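Undergrad: All I have is the shape, not the residue letters:
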């Protein structure tokens, strides 16, 4: 934290321009005190700036670590998803012959149903002709 003195204290110990111009300059000890105060305040200012910069750097470092951890987690999840996708592809490849058989049976059933429908139509026509002939 920066300690500040009231402005009156600094200006009271500092000589005004008129007294310096007349040759009645400040004493060596008061000039040293003013310089020491000035350098102390500059040092406090620089220290505060450096502290702020260090805190910002620490925050950036923590954010970088969190981001790295998050990307590592996402990488693990993507690997897991990739292995699951490969497993599903292998299972699909195992089931593919059975699926093809089901499709073939379905096509055969559809063809058999069409044949049964055609036979039914033919049987009705024969029945109607037979009834006409027996009359």
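TA: Nice, I can see it. What you are looking at is a predicted structure, and each value in this text was computed from that prediction instead of being measured. Numbering: from 1, shown residues only.

Undergrad: So what's the model's average confidence on the one helix or strand residue 29 maps to?
TA: Take DSSP states H and E as the rule and residue 29 turns out to sit in helix 28-134. Mean pLDDT, helix 28-134: 95.

Undergrad: any idea how far that helix is from the chain center?
TA: Its chain's C-alpha centre and that of helix 28-134 lie 14 Å apart, by Cα atoms, centre = their mean, to the nearest Å.

Undergrad: which other helices and strands contact that helix?
TA: helix 7-13 (3 or more Cβ pairs under 8 Å, 6 or more residues apart in numbering; DSSP states H and E). Quick note: C-beta positions are derived from backbone N, CA and C, even for glycine.

Undergrad: at 6 Å instead, please
TA: In terms of contacts (3 or more Cβ pairs under 6 Å, 6 or more residues apart in numbering; DSSP states H and E), helix 28-134 is packed against no helix or strand at all.

Undergrad: For burial, what's the neighbour tally of residue 91?
TA: By the criterion of other Cβ atoms under 10 Å, residue 91 has 10 neighbours.

Undergrad: Any figure for the gap between it and residue 115?
TA: As defined by Cβ to Cβ, to the nearest Å, residue 91 lies at a distance of 36 Å from residue 115.

Undergrad: Residue 81: neighbour count?
TA: When neighbours are defined as other Cβ under 10 Å, residue 81 has 10 of them.

Undergrad: Please apply the same query to residue 33.
TA: If we define neighbours as other Cβ under 10 Å, then residue 33 has 15 of them.

Undergrad: Ok, residue 41 next?
TA: Residues near residue 41, counting by other Cβ under 10 Å, number 15.
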